[in-house]
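**Student:** return a 3D structure for these sequence lines:
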Amino acid sequence: MRRNSSRFFAAIAGFAIAAILLAAGGLLMWGSAYVHNTVQGQLSAQQIYFPAKGSPALASPKIGPYLNQYAGQQLLTGQQAEAYADHFIAVHLNEATGGQTYAQLSTQAQAQPNNTKLAGQVATVFKGETLRSILLNAYGWWKVSQITYIASIAAFAIGGLTLTGAAFGLAFGRKTQPAEVITHESITPVETA
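**Tutor:** A predicted model of the protein is given here:
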């Protein structure tokens, strides 16, 4: 018996695709871990802590429902960074400025260069928005690490299935029957009438 060459090449292609998927899964897993650890390390270095449980800062209906679950904890994850940025810093900035943005306050401050109270508000909003942006950037990268982790699991699963399928196809695929050889003796003459 001879091997069916198309089955053999399909199995080799399956092994190649499996190797590529498994390598991609490994790289995605490494990327996910790298981003996750970098975000956590950078956030840890900032030494930001949520207000303690029962603190007046958490009593606000605009803050408490979002931050009570993290009360007293150090900010270490992207999810915590988003909550702190959007439900602590943003709320305080909004209250301090009456809802005005940095651009609005800055324009007013340029028109009134001797207004020190307005200049102080501009500086506070600039610093607050900068910290908020940094935390939201950390949240974005943390989300990227989650997505790459999920993609790595999918690549490993599909790669494993492809590898199994290729091995199964190679080992248990249909064998081709040998070609029937037609000889001169096997031909029967046709009678003509």
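**Student:** could you use CA atoms for every contact and neighbour count after this?
**Tutor:** OK.
**Student:** next, Asn114: secondary structure please.
**Tutor:** coil (DSSP: H, G, I helix; E, B strand; the rest coil).
**Student:** who are the packing partners of whichever strand or helix holds Ala45?
**Tutor:** Here Ala45 sits within helix 5-46, counting by DSSP states H and E. Applying 3 or more C-alpha pairs under 8 Å, 6 or more residues apart in numbering; DSSP states H and E, one finds that helix 5-46 makes contact with helix 116-172.
**Student:** relative to the whole chain's centre, how far out is the helix it packs on?
**Tutor:** Averaged C-alpha coordinates place helix 116-172 at 3 Å from its chain's average position (C-alpha atoms, centre = their mean, to the nearest Å).
**Student:** now for that helix, which elements pack on it?
**Tutor:** Partner elements for helix 116-172 (3+ C-alpha pairs under 8 Å, 6+ apart): helix 5-46, helix 78-84, helix 90-97, helix 102-111.
**Student:** now tabulate those in CSV and tack on distance to Thr124 and mean pLDDT.
**Tutor:** Shown next, in CSV, are the helices and strands packed on helix 116-172 (distance: least, C-alpha to C-alpha, whole Å; pLDDT from 0 to 100):
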stretch, distance to Thr124, mean pLDDT
helix 5-46, 19, 93
helix 78-84, 17, 96
helix 90-97, 8, 91
helix 102-111, 9, 91
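**Student:** center of this structure, which residue is that?
**Tutor:** For the chain, the residue sitting closest to the mean C-alpha position, by C-alpha atoms, centre = their mean, is Ile147 at 2.1 Å.
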